[in-house]
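Student: Pasting a predicted model and its sequence here:
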Amino acid sequence: MSSNATATVVRTGASARFVIYTLLALFSLFYLLPLYVMVVNSLKPLSEIQSGGMMSLPEVWTLAPWKSAWSTAQIGVEATGLQPFFWNSIVMVVPAVAISTVLGALNGYVLTKWRFRGDTIIFGLLLFGCFIPFQMVLIPMARMLGLVGLAGTVPGLVFVHLVYGIGFSTLYFRNYYQQFPTELVRAAMIDGAGFFTIFRRIMLPSSGPIAVVCIIWQFTNIWNDFLFGASFSDFDSQPMTVALNNLVQSSTGVKEYNVHFAGAIMAALPTLFVYIVAGRYFVRGLMAGSVKG
Amino acid sequence: MSQVAKNRRSGNDWLRDALPKLVLSPSLAMVLIFVYGFIIFTFYLSFTDSRILPSYELVGWENYSKLFRIRAWDTAVSNLLLFGSLYIVICCSIGLALAILLDQKIRAEGFIRTIYLYPMALSFIVTGTAWKWFLDPGIGLQTVVRSWGWESFTFDWIKDGDMAIYTIVIAAVWQTSGFVMAMFLAGLRGIDNEVLKAAQIDGASNFSLYHRIVIPQLRPAFMSAFVVLAHMAIKSYDLVIALTGGGPGTSTELPATFMYSYTFTRNQMGIGAASATIMLMAIAAIMVPYIYSELREKK
């Protein structure tokens, strides 16, 4: 067997390979099962689920659950569907991701190319801020948002996500810029280039890959957040995750499982889309959040 | 670096020296206020008689001694220990096994990896919704298997106070184990093949290759996986809310759900703050040494 540069050199016989492929296939089924359940059941009438057909393909295919989840399902007290909350999430995610990424890039640039006494401590402080249990800030944040009139608003949520997103975006750019040759920056300084000129002309053009990683990470994290959304939004500013939870947990009337599944897929589509399109960067982002360097 | 023109002290030079710090300062200020300031504020509240609103009347350790006498907190902490250890052990076992299997020059490796990892892109609310109905005995797995002819098949853990916590483990493992696989796979790909070849020539079996050489070298990956998983377990909130809502009864409460309900629905803010403080201590005990060692290595 030819040895390939990445995979192991351990050799396996034919029967061992059969076992390996079988196990890998079984685990694939395990991971795909919930997705299959969601998709199949979002496309069948409720009666087919109630009569024990959760694992079967629809006998009657229908888009009605999707239409209902999007525009007519009961969320809390109003029958608005998930549509307005989907847009809430979009309006929340875009500025929060953009601002935290730009700040992260500038911070990473300062912390690696304009080092000063105590910069490692500052970075450590920013970094620990990513990992705190947010229960520790819920009470004062709720009060502060109330005092400045941002309680229950989308801008309030943008602010919260920005504050607690900076640590990670700084981490990404710092680790990336650390590999960037400092000599180039120093040469530009001697030529008289200023702080922002160097950033724009030298750092930014080569920041593409890490910017993608950072944007994907922030997008997934903020889109998927539930705790802040549940704590700091009111009915009009709920993000998608909170609205989905309200839809599923509502105790009135018949439980429309097919509508719940359709809603769950809607809440999952944006991040799934990002994962499918830019999976490589997504994984790199996950890894950089844990194993650094 | 910035000390290039140190001896010419004009206003311009001062600006040049200060500019990087000025750029960093808004972020630093935000983190100092909204992370550390708020931590101090909540810590302070945990020593006050705050109820529905913050109060500044100090009551000493009363909230903590009350907290430890509340049965629901007891449940939450023992659930966290049970859930956390199963979650970490199972995720690491599945993750390591899948990584080793995937490392055997598998066809379509990229495709299989995509399948294993996609749950990580989902919100815990989505995961919780899918598993909630799939595990519901009334319509899910139990009903389906019975309709296939196995009439006595019973799987109602999600409705059973003693077993419901294990359904949280199942859903959480489903969501994260693929990610742990990716961490171990990255570790495996960093191992020097020459050592393995030499051991093979000496006649080592595949089992002892992994047992003696490969797995001991995965120590850093184990460390990172442990830190990430332990930290996620302590912060687990959304999944419980979506999957069981903490029930049946209080059987699947975790510290995060306890803190939320005591603070915002039961109006016991002082006790809520005390429980949050304990969560922070637990996280700090894991994260501070990790961050410290990571930053030291970088120097």
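Tutor: Noted; the coordinates are in hand.

Student: what residues are up against residue B:112?
Tutor: If a contact means CB atoms under 8 Å, 6 or more residues apart in numbering or on different chains, then residue B:112 has A:24, A:28, B:102, B:106 as its contacts. C-beta here means a position set from N, CA and C on the backbone, and glycine is covered the same way.

Student: Look at residue 282 and say how many residues are nearby.
Tutor: As the question left the chain open, I've gone with chain A. 24 (other CB atoms under 10 Å in any protein chain shown).

Student: wait, chain B
Tutor: 20.

Student: My guess is it contacts residue B:234. True?
Tutor: Yes. Using CB atoms under 8 Å, residue B:282 makes contact with residue B:234 at a distance of 5.4 Å.

Student: Using ChimeraX, define a selection of the buried residues within the contacts of residue B:112.
Tutor: Per 16 or more other CB atoms under 10 Å in any protein chain shown, the buried members of the contacts of residue B:112 correspond to this ChimeraX selection:
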select /A:24 /B:102,106
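
Student: from the contacts of residue B:112, which ones fall inside strands?
Tutor: Nothing among those maps onto strands, per DSSP state E.

Student: and the contacts of residue B:112 as a markdown table, adding pLDDT and distance to residue A:247?
Tutor: Converted to a markdown table, these look like this (pLDDT from 0 to 100; distance: CB to CB, whole Å):
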| residue | pLDDT | distance to residue A:247 |
| --- | --- | --- |
| A:24 | 96 | 36 |
| A:28 | 96 | 30 |
| B:102 | 93 | 37 |
| B:106 | 89 | 40 |
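
Student: Mind pulling up the pLDDT for residue 150?
Tutor: Just going to use chain A. At residue A:150, the model reports a pLDDT of 94.

Student: I was after chain B.
Tutor: 91.

Student: okay, now it: neighbour count?
Tutor: Other residues close to residue B:150 by other CB under 10 Å number 11.

Student: again, but for the one 5 residues further on
Tutor: Close neighbours of residue B:155, defined as other CB under 10 Å, add up to 17.

Student: same question, the one 3 residues further on
Tutor: A count of nearby residues for residue B:158, using other CB under 10 Å, gives 27.

Student: Tell me the spacing between residue A:72 and residue A:83.
Tutor: Using CB to CB, to the nearest Å, residue A:72 is found at 9 Å from residue A:83.

Student: do the same with residue B:25
Tutor: In terms of CB to CB, residue B:25 sits 41 Å off from residue A:83.

Student: Just want to know which of these two has more residues nearby.
Tutor: residue A:83 (17 against 14).

Student: got the contact list for that one?
Tutor: By CB under 8 Å, 6+ apart, the residues touching residue A:83 are A:70-71.

Student: Now do it against residue B:242, distance only.
Tutor: Relative to residue B:242, and taking CB to CB, residue A:83 is found at 21 Å.

Student: buried sites along stretch A:17-33?
Tutor: Neighbour counts using 16+ other CB under 10 Å place A:20, A:24, A:27, A:31, A:33 of stretch A:17-33 among the buried residues.

Student: Could you tell me which helix of the chain is the longest one?
Tutor: In the absence of a named chain, chain A is used. As assigned by DSSP state H, the longest helix anywhere in chain A is helix A:83-113.

Student: The chain in question should be chain B.
Tutor: Ranked by number of residues, the top helix in chain B under DSSP H is helix B:71-102.

Student: Mind exporting the C-alpha coordinates of the helix or strand that that helix is followed by to CSV?
Tutor: Once helix B:71-102 ends, the next helix or strand along the chain (criterion: DSSP states H and E) is helix B:109-117. The C-alpha trace of helix B:109-117 is given here as CSV (Å, rounded to 0.1, in the frame of the first residue of the first chain):
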residue,chain,number,x,y,z
GLU,B,109,-13.3,10.9,3.7
GLY,B,110,-14.2,14.5,3.1
PHE,B,111,-17.8,13.6,2.4
ILE,B,112,-18.1,11.4,5.6
ARG,B,113,-16.4,14.2,7.7
THR,B,114,-19.0,16.6,6.4
ILE,B,115,-21.8,14.3,7.6
TYR,B,116,-20.2,13.9,11.1
LEU,B,117,-19.6,17.6,11.6
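
Student: after helix B:109-117 comes which helix or strand?
Tutor: Next along from helix B:109-117, by DSSP H and E: helix B:124-135.

Student: can I have that next one written out in PDB, keeping just the CAs?
Tutor: Presented in PDB, the C-alpha positions along helix B:124-135 are these (Å, rounded to 0.1, in the frame of the first residue of the first chain):
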ATOM      1  CA  PHE B 124     -29.100  23.700  20.200                       C
ATOM      2  CA  ILE B 125     -32.700  24.700  19.900                       C
ATOM      3  CA  VAL B 126     -32.900  23.000  16.500                       C
ATOM      4  CA  THR B 127     -31.200  19.900  17.800                       C
ATOM      5  CA  GLY B 128     -33.500  19.900  20.900                       C
ATOM      6  CA  THR B 129     -36.600  20.200  18.700                       C
ATOM      7  CA  ALA B 130     -35.600  17.300  16.400                       C
ATOM      8  CA  TRP B 131     -34.700  15.000  19.300                       C
ATOM      9  CA  LYS B 132     -37.600  16.100  21.500                       C
ATOM     10  CA  TRP B 133     -40.100  14.700  19.000                       C
ATOM     11  CA  PHE B 134     -38.000  11.800  17.800                       C
ATOM     12  CA  LEU B 135     -37.700  10.600  21.400                       C
END
